[in-house]
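Visitor: this is a predicted model, with the sequence first.
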Amino acid sequence: MREFVVEADGGSRGNPGPAGYGAVVSDAATGETLAEAAEYIGVATNNVAEYRGLLAGLRAARELDPDARVRVRMDSKLVVEQMSGRWKIKHPAMKPLAAEAATVFPPDRVTYEWIPRERNTHADRLANEAMDAGKRGEQWSPEASRADLATPAVPAPEGPPGDAAAGAARVREALASAGGAGTEDAATGDAPPRNDSAGAGEEAPADADRRAAQAVATPSSGWAPADM
């Protein structure tokens, strides 16, 4: 059975603000880049962009081999913990995205690992390219991409992998709950903001996520095979 590594990132310049995501699929054994994904998604929060990047990466991996195993690696503690089932999903903008991500592959074939941001540079560059394209009134194009397509070294995981089956159960629980969104902390499932020049970051305030829920659209594929 083939095994892929999916690395994804997303950012919002304003949170909510102009947002985009990037994702990379590589061969787990060789580190060879197999596919890239990036898209400008309009006005959204960082969290929406992160989840959209996850979805795009998983879909690109499924297009390559629907029977593969997938190791998802992201620098978003929020997404990793929620999809692993360790943190609750309360915000309405997050629930449908998490639910969709949980169905791309069977949960027993997906693991989630957190990596430091400096080990997620390829996906980060793609996300910024997508946001830059959106600023110009364009969509990201693989032909115009300058993200590094050199064969990357597969980074070592940070801590134990997350259980996607447990995450899928959390998603079902979140969708079934009738409770509204609220501001969360690390004990209940959110991470603190991460501010940087690129605009990527962690958890937005609850009111920002409620506004961003209006901007969530059905994600498009937005991916292209890497040059071989």
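Guide: Done, it's in.
Visitor: please enumerate the helices of the protein.
Guide: Using DSSP state H, the helices of the chain run over 46-64, 77-83, 95-104, 121-135, 164-176, 206-213.
Visitor: so which of the ones you listed is nearest Tyr40?
Guide: Judged by C-beta to C-beta, the one of the helices of the chain that comes nearest to Tyr40 is helix 121-135, at 3.1 Å. To be clear about C-beta, it is placed using only N, CA and C from the backbone, and glycine gets the same treatment.
Visitor: so for that closest one, what's the average pLDDT?
Guide: For helix 121-135, mean pLDDT is 96.
Visitor: that one to helix 46-64, inter-axis angle?
Guide: Helix 121-135 runs at 110 degrees relative to helix 46-64, counting by axes from the mean of the first three to the mean of the last three C-alpha atoms, to 10 degrees.
Visitor: ok so, going back, export the helices of the chain to CSV and append columns for mean neighbour count.
Guide: Converted to CSV, these look like this (neighbours: other C-beta atoms under 10 Å):
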stretch, mean neighbour count
helix 46-64, 27
helix 77-83, 26
helix 95-104, 19
helix 121-135, 23
helix 164-176, 18
helix 206-213, 19
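Visitor: closest one to Gly22 among those helices?
Guide: Of all these, it is helix 121-135 that lies closest to Gly22, at 2.5 Å by C-beta to C-beta.
Visitor: which residues does the closest one contact?
Guide: Helix 121-135 is touched from outside by 7-11, 13, 18-24, 33, 36-42, 49, 53, 57, 75, 117, 139-141, 144-148, 152, 198-200, with contacts defined as C-beta atoms under 8 Å, 6 or more residues apart in numbering.
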